[in-house]
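J.: 3D model of this:
(one chain, ligands or ions: 2)
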Amino acid sequence: MNPMSDADIPWFNSNSVGEDPRGMAESGAERPGDDDKDIIQRPDLTDVDTEVRNLREHAQQLLVDKTYLENEVGQLKKRSARLEEELRHLRSPPFIIGNVQDILDDERAIVRSSNGTVFLVSRNLRLSEEELKPGTRVALNQDSLSIIDVLTDAHDPLVAAAEIIDAPEVLYSDLGGLDDQIERLKDAIELPLMQPEAFTRFGISPPKGVLLCGPPGTGKTMLAKAVANQTKATFLGMVGSELAQKYIGEGGRLVRELFDLARQRAPSIIFIDEIDAIGAKRLDAATSGDREVQRTLMQLLAEMDGFSEVNDVKIIAATNRPELLDEALLRPGRFDRIIEIPLPDEEGRKAILALHLGKMPLDKKVKVSNVIDQTDGFSGAEIKALCIEAGIRAIKDERKNVIPDDISEAVDVVRKNRNKPKDTDLVHYG
Ligand SMILES: Nc1ncnc2c1ncn2[C@@H]1O[C@H](COP(=O)(O)OP(=O)(O)OP(=O)(O)O)[C@@H](O)[C@H]1O
Ligand SMILES: [Mg+2]
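T.: Numbering: from 1, shown residues only. Ligands and ions are numbered 1, 2, ... in the order given. Have a look, this model is predicted:
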């Protein structure tokens, strides 16, 4: 085939022969001597020069633009790659959490997944044997259950949150009528923490735990908070119901981690409030939830037995239903000391009233001895409620101080309130 001739290309011909868009055809060479044309021609050349310069500048500008855009494309590509990576992360299936039970060989391990089933799985060779000790918390692939990663934070967030960093602002002096109990608690908790060597010298082991028991509102929780404030030991506080978990093994694990943390941060005090939630008698458990609570209790008993050598972890527990507690918890070697916090007697009520009425402007006719008589059978919390109620009445009537009627009415209100919701407690303490 013939290559294309010039004539085949219309623009080529028209361009070279026809009208020249840049006025080249009119360039003076063909018409020398024409002065007028000459004069016109010069500015033409300058025009061309300027145009060439402009075009060069334009080309330069375009080059700069090109580099800029290339740069931008590069950055956008990177960003898109990053976003895609993020998207992949978000779309990736969740891992299952489990615990290593045993390492069989270089490739296989036995793990217990969080729902309790035990599996033989392959392990990631990237993870060294030291990292994969039995008991380590690991992430497992959802399909193959092979070990993907080791989770360093072995403490459940619930346990980690138990550590009270700011000591509560409760002082022993905020408690009225509990001097004996405070003294006994100090002997059992503070003394061994401060002078462990003295106990070794006498060849006795200090009590491991103290159980505070007594009717609701008698200041048990407050007493434990005061201990936390007073000692320099780490204070780990948990409520029994937090330890009573629904899933198999969860409650036991929480207890184990709680004690682990306490040992790490020793000297430390573990406070379990409302321990009846997990410490109730082990009867024939009807539901799997009950059985799980019993397992949690057994773990607690085992932990209490396990740390005999460690004298710098102490346990305080509180309950208002001691008769419900499993005997195993109460035997010597576990909660060695049971400190009863009874309803305040006359002296106690006097002290508590002094605390709560102390700052209140009282009418001269108010006789504290009368109030003490009126509040027979009241708990500390009820006495506090009564003082608040009496104060509110005085403020509402725009009086400057509290009169005996305020107090009598407040006593009635508190008594009425008590009879309603706390019926069950009255059965036990009535
Ligand atoms: N002996 C006391 N002296 C001064 N205040 C007291 C005393 N006992 C109880 N109170 C008041 O009652 C409130 C409730 O006390 P606390 O929470 O310690 O009761 P509790 O014994 O733990 O009750 P529960 O068994 O229901 O948990 C406290 O905030 C405090 O103001
Ligand atoms: Mg309490």
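
J.: Just give me the neighbour total for Ala302.
T.: Burial measure for Ala302: 13 neighbouring residues, criterion other CB atoms under 10 Å. Quick note: C-beta positions are derived from backbone N, CA and C, even for glycine.

J.: Next: Ser173.
T.: Burial of Ser173, expressed as a neighbour count using other CB under 10 Å, amounts to 9.

J.: same thing with Asn71?
T.: By the measure other CB under 10 Å, the count of residues near Asn71 is 10.

J.: Okay, and the beta partners of Ile316?
T.: Following DSSP bridges, Ile316 is listed with bridge partners Val210, Phe271.

J.: quick one: contacts for it?
T.: Contact partners of Ile316, counting by CB atoms under 8 Å, 6 or more residues apart in numbering, are Leu185, Ile189, Gly209, Val210, Leu211, Leu212, Ala224, Val227, Ile269, Ile270, Phe271, Ile272.

J.: ok, now with 6 Å
T.: Residues in contact with Ile316 (CB atoms under 6 Å, 6 or more residues apart in numbering) are Val210, Ala224, Phe271.

J.: secondary structure element for Leu301?
T.: Take DSSP states H and E as the rule and Leu301 turns out to sit in helix 288-306.

J.: Pull out the buried positions in that helix.
T.: Residues Glu292, Val293, Gln294, Arg295, Thr296, Leu297, Met298, Gln299, Leu300, Leu301, Glu303, Met304 are the ones in helix 288-306 that count as buried (16 or more other CB atoms under 10 Å).

J.: In a markdown table: the residues you listed, plus distance to ligand 1.
T.: As requested, the buried residues of helix 288-306 are exported to a markdown table (distance: CB to the nearest ligand atom, whole Å):
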| residue | distance to ligand 1 |
| --- | --- |
| Glu292 | 24 |
| Val293 | 19 |
| Gln294 | 23 |
| Arg295 | 25 |
| Thr296 | 20 |
| Leu297 | 19 |
| Met298 | 25 |
| Gln299 | 23 |
| Leu300 | 19 |
| Leu301 | 23 |
| Glu303 | 23 |
| Met304 | 22 |
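
J.: quick one on the thing from earlier: of the contacts of Ile316, closest to ligand 1?
T.: In terms of CB to the nearest ligand atom, no member of those lies closer to ligand 1 than Ala224, at 8.1 Å.

J.: and the gap between the residue nearest to that closest one when sequence neighbours are not counted and Met222?
T.: Leaving out its chain neighbours, the residue that sits closest to Ala224 by CB to CB, 6 or more residues apart in numbering is Phe271, at 4.8 Å. Applying CB to CB, to the nearest Å, the value for Phe271 to Met222 is 12 Å.

J.: Look at these two and report which has more neighbours.
T.: Taking other CB under 10 Å, Phe271 and Met222 do not tie; Phe271 has more neighbours (24 against 20).

J.: Look at that one and report its pLDDT.
T.: Per-residue confidence for Phe271 comes out at a pLDDT of 90.

J.: Equivalent analysis for Val293, please.
T.: Taken from the predicted model, the pLDDT recorded for Val293 is 80.

J.: so where does the nearest residue to Ser113 once chain neighbours are set aside fall, helix or strand?
T.: Leaving aside its sequence neighbours, Ser113 sits nearest to Gly98 (CB to CB, 6+ apart; 4.2 Å). Assigned by DSSP H and E, Gly98 belongs to strand 96-103.

J.: List of residues touching that strand?
T.: Outside strand 96-103, the residues that touch it by CB under 6 Å, 6+ apart are 109-114, 132, 134, 136-138, 140, 142.

J.: Can you tell me which of those residues end up in strands?
T.: Within those, membership in strands is found for Ala109, Ile110, Val111, Arg112, Ser113, Arg137, Val138, Leu140, as judged by DSSP state E.

J.: ok, so of the residues you listed, who is nearest ligand 1?
T.: Ligand 1 has its nearest neighbour among the ones in strands among the contacts of strand 96-103 in Arg137, at 33.1 Å by CB to the nearest ligand atom.

J.: Could you give the bridge partners of that closest one?
T.: Each beta-bridge partner of Arg137 is listed here: Asn99, as defined by DSSP bridges.

J.: Could you check how many residues crowd around it?
T.: Here the number of neighbours of Arg137 (other CB under 10 Å) works out to 19.

J.: Ok, Asp187 next?
T.: Counted with other CB under 10 Å, Asp187 comes out at 14.

J.: helix/strand/coil for the residue nearest to Ile352 when sequence neighbours are not counted?
T.: Beyond its immediate neighbours in the sequence, the residue positioned closest to Ile352 (CB to CB, 6+ apart) is Gly176, lying 3.6 Å away. When the structure is reduced to helix, strand and coil (DSSP: H, G, I helix; E, B strand; the rest coil), Gly176 reads as coil.
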